[in-house]
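Colleague: Build me a model from this:
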Amino acid sequence: MINGTLIRGARGLLGWSAKVLAQRAHVGTATVQRIEHSNYDAYGQRRTFDKIEHALIDGGVSFIEGPSGEVGVQLKSKAPDQKKRE
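Modeller: Here you go, the predicted model:
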């Protein structure tokens, strides 16, 4: 399950501000900032976390889970056609 620390890390990997993430997730900037700073889990806020998670995934990150249950974030590999255009 994602939390504020992972959201902040994913945003950093993408080079997005809290405002950009909020716009892409269709939530308020203050909501993104509150989640990142309080680091509370999604209890009672699942829909908001889902919007944020999907925006980050669409932006190019993956949330990964290790064998011991630890969770992390990484940039997705670029598709071959994206590499050619750069």
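Colleague: quick one, strands of the chain?
Modeller: 61-65, 71-75 (DSSP state E).
Colleague: Excluding chain neighbours, what is closest to residue 56?
Modeller: Leaving out its chain neighbours, the residue that sits closest to residue 56 by CB to CB, 6 or more residues apart in numbering is residue 10, at 4.5 Å. In short, each C-beta sits where N, CA and C put it, glycine included.
Colleague: tell me the helices in the chain, going along the chain?
Modeller: In the chain, the helices defined using DSSP state H lie at 4-14, 18-25, 29-38, 46-59, 80-85.
Colleague: Which one, of these, ends up nearest to residue 70?
Modeller: When the helices of the chain are compared for distance to residue 70 using CB to CB, the nearest one is helix 4-14, at 10.9 Å.
Colleague: the inter-axis angle of the closest one versus helix 46-59?
Modeller: Taking axes from the mean of the first three to the mean of the last three CA atoms, to 10 degrees, one finds that helix 4-14 is oriented at 20 degrees with respect to helix 46-59.
Colleague: List the contacts of helix 4-14.
Modeller: Helix 4-14 has contacts (CB atoms under 8 Å, 6 or more residues apart in numbering) with 17-18, 21, 32, 35-40, 52, 56, 59-61, 63, 71-75.
Colleague: circling back: could you dump the strands of the chain into JSON lines with mean pLDDT added?
Modeller: Shown next, in JSON lines, are the strands of the chain (pLDDT from 0 to 100):
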{"stretch": "strand 61-65", "mean pLDDT": "93"}
{"stretch": "strand 71-75", "mean pLDDT": "92"}
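Colleague: got JSON lines for those, with distance to residue 26 and mean neighbour count too?
Modeller: Below are the strands of the chain laid out as JSON lines (distance: least, CB to CB, whole Å; neighbours: other CB atoms under 10 Å):
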{"stretch": "strand 61-65", "distance to residue 26": "18", "mean neighbour count": "14"}
{"stretch": "strand 71-75", "distance to residue 26": "21", "mean neighbour count": "14"}
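Colleague: can you list those strands in CSV and add distance to residue 45?
Modeller: Shown next, in CSV, are the strands of the chain (distance: least, CB to CB, whole Å):
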stretch, distance to residue 45
strand 61-65, 17
strand 71-75, 17
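Colleague: Nearest to residue 25, out of those?
Modeller: Of all these, strand 61-65 comes closest under CB to CB, at 13.0 Å.
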